[in-house]
Each structure stands twice: as structure tokens, then as C-alpha cells.
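Colleague: Sequence first, predicted model second:
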Amino acid sequence: MSFFGSGWGGKLRFLGKREKTGFETAFVVHDEVEHVRAEAVGNDGKILRSTGVVKSETEVLQFQGNVKEEKEKEECRETAANLDSWLQRGLGYFRAQEL
């Protein structure tokens, strides 16, 4: 598969190639493009099929997070809560001593 794209109001230009991976083949574009077109190219280099030119859309996926990082953050919050509790008890002790 060959992929082409255009910037805002520009001509289509070659973006790259990707081996077909199934019915829908994903291709990540790191440039801003307004329109895209894909072409299926045979082994002989001839275009077998071409999509129409379509307006591109940005896909925004929900962040799944890093499980290890989330566990470490939770442990840090628990440690901070324990430290706060310990400091509050210590502060109460010193207040009671009327230094």
C-alpha cells in the first residue's frame, strides 16, 4: 500500500508505504495532512486499486496508563498519608509538652 497526503490546500505528496496487514491497513502519519489517499500496488508496480481522496481525521485514544507507574504512584500516596499521620501525632505530642 502506498499512502499520499496533502497539507492545507496543497497537492498530494507521497507519505510512505506499508505492507498490507489485512482488510484495514493502518498507516501512521506524523505530519499534518488535510487529505489522504491510498493505493494498492501490485508486484509489477502497477496500481491495482486507489481510494478516493478523503479528509483526514485525528484519532484520539483514551490513555490506558502504565500499570507499574500507577502502582508506584499509589504506594507513594500511601507513604505520604502515613508520613502525614506520623507528623500530626508528633506535632500533637510537642504541643502537649508546652515547649
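Modeller: Great, that's in hand. All values derive from a computational prediction rather than experimental measurement. Numbers count the residues shown, from 1 in each chain.
Colleague: in this structure, which segments are predicted with low confidence?
Modeller: Within the chain, the stretches with pLDDT under 70 are 4, 8-9, 64-65, 93-95, 97-99.
Colleague: Show the contacting residues for residue 19.
Modeller: Each residue near residue 19 by CB atoms under 8 Å, 6 or more residues apart in numbering is listed here: 1, 25. (C-beta placed from N, C-alpha, C; glycine too.)
Colleague: wait, is it part of a strand?
Modeller: No: counting by DSSP: H, G, I helix; E, B strand; the rest coil, residue 19 is located in no strand; its state is coil.
Colleague: quick one: it and residue 1, what's the gap?
Modeller: Going from residue 19 to residue 1 by CB to CB, to the nearest Å gives 7 Å.
Colleague: Quickly list what's touching both of these two.
Modeller: With CB under 8 Å, 6+ apart as the test, residue 19 and residue 1 both reach residue 25.
Colleague: show me the contacts for residue 5.
Modeller: Per CB under 8 Å, 6+ apart, neighbours of residue 5: 12, 13, 15, 29, 31, 33, 34, 35, 36, 37, 56.
Colleague: what pairs with it across the strands?
Modeller: Assessed by DSSP bridges, residue 5 has beta-bridge partners residue 13, residue 36.
Colleague: do you know how far it is from residue 62?
Modeller: Residue 5 is 26 Å from residue 62, by CB to CB.
Colleague: Give me the distance from the strand or helix carrying residue 77 to the chain's centre.
Modeller: Element membership for residue 77, per DSSP states H and E: helix 67-97. A distance of 34 Å separates the centroid of the chain from that of helix 67-97, by CA atoms, centre = their mean, to the nearest Å.
Colleague: tell me which residues in the helix or strand hosting residue 15 are buried?
Modeller: Assigned by DSSP H and E, residue 15 falls within strand 13-17. For strand 13-17, the buried set under the neighbour-count rule, 16 or more other CB atoms under 10 Å, comprises residue 15.
Colleague: to the chain's geometric centre, what's the distance from that strand?
Modeller: With CA atoms, centre = their mean as the basis, strand 13-17 stands 22 Å off its chain's centre.
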